[in-house]
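A.B. asks: Structure for the following, please:
(2 chains)
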2 protein chains.
Amino acid sequence: MERIPILKMGQFLLVTIQVDLYDRLALDLEADLIKQISEYESRAVMIDISAVTIVDSFMGRILNNIASMARILDAETVVVGMQPSVAITLVELGLPLAGIHTALNVERGIALLQSKVGTDRRTLQSNND
Amino acid sequence: MERIPILKMGQFLLVTIQVDLYDRLALDLEADLIKQISEYESRAVMIDISAVTIVDSFMGRILNNIASMARILDAETVVVGMQPSVAITLVELGLPLAGIHTALNVERGIALLQSKVGTDRRTLQSNND
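C.D. replies: Numbers count the residues shown, from 1 in each chain, chains lettered A, B, ... in the order given. Reported below is the predicted structural model:
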């Protein structure tokens, strides 16, 4: 399984990082994301990193790259599910993810993005929450 | 990264399978899913297998197990994003995933689940008619 799947959910794209990102995989993810933002006219990218326990400067750079590329295509990026230890490491590495939105979990990420871009709530999650 | 993350989205739980499932990982996923269905009173589990290119009888059995466990807790299971070659293999293996809902992609899976959960809700409310 050499590609990270990108899930289209209404105007959003959702990516879950579950495996260690190495060069080729990260480049493919960037390319796939940009292609799909363009194809589906997506307004936002949500990246779930709740399974990421170890972070390094490479991962921080990839997240920054994705956010920068998405922004050029008029799409927001939000990173969700970050573990506390990862947040500590990112700041200690001097990578505070400036310019990237973050949220505690997917639901709050969706709420954040909806406030930013507005979308049809029914396509994302059940109502009556 | 030894656990598959489960994303809570309203009344649904979303799991993306990106890595080869081995015994321990699959058992952990089953346990985590059941725990979260109970904790969040989830109505449905959506399993995205768009990154799965090779399927065997073990994977088929795990999907069946998850669906059976979820059903006992009154939650629906839908498998989305299956690649055509995987569908062929499952049928040839004699594992047609009987009793598991399937949908072409996440959006159709959400629509399917909303129609199911919504139907349940109307059934409950029909006493007032």
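
A.B. asks: switch to C-alpha atoms for all contacts and neighbour counts from now on
C.D. replies: OK.

A.B. asks: count of neighbours near A:Pro68?
C.D. replies: One thing to correct before we go on: residue A:68 is Ser, not Pro. 17 (other CA atoms under 10 Å in any protein chain shown).

A.B. asks: repeat for A:Met82
C.D. replies: For A:Met82, using other CA under 10 Å, the count is 19.

A.B. asks: gap between it and B:Ile66?
C.D. replies: 27 Å (CA to CA, to the nearest Å).

A.B. asks: can you check A:Tyr22 too?
C.D. replies: 31 Å.

A.B. asks: ok, these two, which is more surrounded?
C.D. replies: The residue with more neighbours, out of A:Tyr22 and B:Ile66, is B:Ile66; 21 against 10, by other CA under 10 Å.

A.B. asks: contacting residues for that one?
C.D. replies: Applying CA atoms under 8 Å, 6 or more residues apart in numbering or on different chains, one finds that B:Ile66 lies in contact with B:Glu30, B:Leu33, B:Thr77.

A.B. asks: any idea which helix or strand carries it?
C.D. replies: helix B:57-72 (DSSP states H and E).

A.B. asks: Then A:Lys8?
C.D. replies: strand A:6-9.

A.B. asks: do A:Leu97 as well
C.D. replies: Per DSSP H and E, there is no helix or strand for A:Leu97.

A.B. asks: is it true that A:Val79 touches A:Ala44?
C.D. replies: No. A:Val79 is beyond contact range of A:Ala44, at 10.9 Å (criterion: CA atoms under 8 Å).

A.B. asks: Could you measure from A:Arg43 over to A:Gln11?
C.D. replies: On the measure of CA to CA, A:Arg43 and A:Gln11 end up 5 Å apart.
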